[in-house]
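Student: Here is my input; please provide its structure:
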Amino acid sequence: MAPTKHHCPGKKVSIGEITAGNCRIQHVPGPLGQKLQLCVIHERLCPNGCQAVCLKNQPGCKSCELKEKRIAAEEQKKREQERKAKEKNEYLEWYGSGSTRKPGY
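Tutor: This is a model prediction of the structure:
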């Protein structure tokens, strides 16, 4: 099986302030021992540690960005549920006491 050619997005289009073309392909070790091909001029390994290849003008790869958004949404949902539970149980102690007076008086 012949190795596939590297398809650098910066071959024909500039990436941020980096001009198009002049690609230099390098083989780097990736996760699980495989070798990744990346263009040293336009690409880099993801700085977030997922060992994927991302463009140099991006803060991270799309999978890392989606993961961060998912984690933030889960945390927000958890805080919202805690807030609702706190509001719901505010007078729970009073209701369980058997008192006939209204809460807050």
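Student: In the chain, what helix or strand scores lowest on average pLDDT?
Tutor: helix 92-96 (a mean of 65; mean pLDDT, DSSP states H and E).
Student: those strands in this structure, which residues are they?
Tutor: Using DSSP state E, the strands assigned to the chain run over residues 25-29, 35-39, 43-45, 53-55.
Student: With mean neighbour count added, can I get those strands in CSV?
Tutor: All C-beta atoms are positioned from the backbone trio N, CA, C, and that covers glycine. Below are the strands of the chain laid out as CSV (neighbours: other C-beta atoms under 10 Å):
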stretch, mean neighbour count
strand 25-29, 12
strand 35-39, 17
strand 43-45, 18
strand 53-55, 18
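Student: List the contacts of stretch 28-36.
Tutor: With contacts defined as C-beta atoms under 8 Å, 6 or more residues apart in numbering, stretch 28-36 is touched by 27, 38, 45, 50, 51, 53.
Student: Identify the residues contacting the last one.
Tutor: Put plainly, it is residue 53. Residues near residue 53 by C-beta under 8 Å, 6+ apart: 36, 38, 43, 44, 45, 46, 61.
Student: before we move on, what about the fourth one?
Tutor: With contacts defined as C-beta under 8 Å, 6+ apart, residue 50 is in contact with 31, 60, 61, 63, 64.
Student: which of those residues sit farthest apart?
Tutor: Greatest spacing in those, by C-beta to C-beta: 31 and 60 (15.4 Å).
Student: ok, the two, which is more surrounded?
Tutor: A direct count of neighbours by other C-beta atoms under 10 Å for residue 31 and residue 60 places residue 60 higher, at 16 against 10.
Student: Backbone dihedrals for the more buried one, please?
Tutor: Here is the backbone geometry of residue 60 (degrees, to the nearest 10): phi -180, psi 180.
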